[in-house]
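Trainee: what follows is a predicted protein model with its sequence.
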Amino acid sequence: MDRTVQLSGEAAIALTGTATASSRTSLSIVHLLSAAQFARATGEIEKRHEGQPLGDFWDDLYAQSIATVLTTVAGIEAYANELFVDHAQVFPDLRVDVMAKLWELYEQKPTLEKFEFALLLRQGGPFDRGAAPFQDVAALIRLRNALTHYKPEWSDQLDEHAKLSKSLEHRASPSPFLPLTESLFPRAWASHGSTTWAMRSAVAFLSDFERRAKLDSRIASFGNRLSAL
């Protein structure tokens, strides 16, 4: 059977076989390109309203910021899953039945563990877990989780919000439209600086993974569109 893996509208990997043609769409690059578009939108909104007091435009800015984080992490997660679905190319030395069993064990693991496992299978050097970009992506995933499974807290009784805000310090940029005294999470992190950090962290992490795993880059050809924020 002839199979085509559709990475996006512009990139595909052909897997040859016999008989009927079939295709499969992969969304990692699509998610990342979407996230870059949302990030650019935050910059455009901030520029249009520079120096203005907080107004109705905030709803759009906050929505675009959240969309950036959600789709950036979706892209990272999809990339991890695609590695194992495309196991014949990524892990060619492993038998199909062995790979199927390993994926059964790892499919529900946290995303960063999937990447670390892939590096192990590829005999690549391990991530530096205590430094960027690993720590940045860990903080980004934590932010996505907090937004997705949001639990409100009173402003004078911050607990998990304060912990997350601490992990975002020196990473996310405070919004220029909110008081500097406001906790970064749940609102003040929403800014063009933060969405830029999210995208650059994702690209740096995936590039670091590809280098360590000695894999052809899936993101290099989209570099300009992913970095123009």
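Mentor: Done, it's in. Nothing here was measured: the structure is a model prediction, and the numbers come from that model.

Trainee: mind listing the strands for this protein?
Mentor: 2-6, 12-15, 21-25 (DSSP state E).

Trainee: any idea which of the ones you listed scores lowest on pLDDT?
Mentor: With a mean of 36, strand 12-15 has the lowest mean pLDDT of these.

Trainee: other SSEs contacting the longest helix along the chain?
Mentor: Residue-count comparison of every helix in the chain, with assignments taken from DSSP state H, identifies helix 57-85 as the longest. Of the remaining helices and strands, those touching helix 57-85 by 3 or more CB pairs under 8 Å, 6 or more residues apart in numbering; DSSP states H and E are helix 28-48, helix 96-106, helix 111-122, helix 134-148, helix 192-213. Where you see a C-beta, it was placed from the backbone N, CA and C, and this is true even at glycine.

Trainee: helices and strands of this protein: which one bottoms out on pLDDT?
Mentor: With mean pLDDT, DSSP states H and E as the measure, the helix or strand of the chain carrying the lowest mean pLDDT is strand 12-15 (a mean of 36).

Trainee: tally up the residues packed near residue 69, please.
Mentor: When counting by other CB atoms under 10 Å, one arrives at 26 neighbours for residue 69.

Trainee: again with residue 151
Mentor: Close neighbours of residue 151, defined as other CB under 10 Å, add up to 9.

Trainee: surely it touches residue 160?
Mentor: Yes: if you go by CB atoms under 8 Å, residue 151 and residue 160 touch, sitting 6.9 Å apart.

Trainee: shaky segments in the chain?
Mentor: Along the chain, the parts satisfying pLDDT under 70 run over 1-23.

Trainee: could you check how many residues crowd around residue 149?
Mentor: The criterion is other CB under 10 Å. On that basis, residue 149 has 7 neighbouring residues.

Trainee: ok, it to residue 98 distance?
Mentor: Spatial separation of residue 149 from residue 98 under the definition CB to CB, to the nearest Å is 35 Å.

Trainee: what's the answer for residue 175, then?
Mentor: Using CB to CB, residue 175 is found at 49 Å from residue 98.

Trainee: neighbour count for those two, which is higher?
Mentor: For residue 175 versus residue 98, neighbours defined as other CB under 10 Å are more numerous around residue 175 (25 against 12).

Trainee: which residues are in contact with the more buried one?
Mentor: By CB atoms under 8 Å, 6 or more residues apart in numbering, the contact list for residue 175 reads 61, 187, 188, 189, 190, 191.

Trainee: same thing with residue 196?
Mentor: Residue 196 makes contact with 39, 43, 229 under the criterion CB under 8 Å, 6+ apart.

Trainee: so the last one touches residue 37, yeah?
Mentor: No: when contacts are counted by CB under 8 Å, residue 229 is not listed as touching residue 37 (9.7 Å).

Trainee: out of these two, which sits in the busier spot?
Mentor: Looking at residue 229 and residue 37 with other CB under 10 Å, you find the greater number of neighbours at residue 229, namely 21 against 15.

Trainee: residues contacting that one?
Mentor: Contacts of residue 229 were listed using CB under 8 Å, 6+ apart, and they are 36, 39, 40, 43, 192, 195, 196, 199, 200.

Trainee: hmm, 7 Å instead?
Mentor: If you count contacts by CB atoms under 7 Å, 6 or more residues apart in numbering, residue 229 has them with 36, 39, 40, 43, 196, 199.

Trainee: try residue 204
Mentor: Counting by CB under 7 Å, 6+ apart, residue 204 touches residue 133.

Trainee: done for today, thanks.
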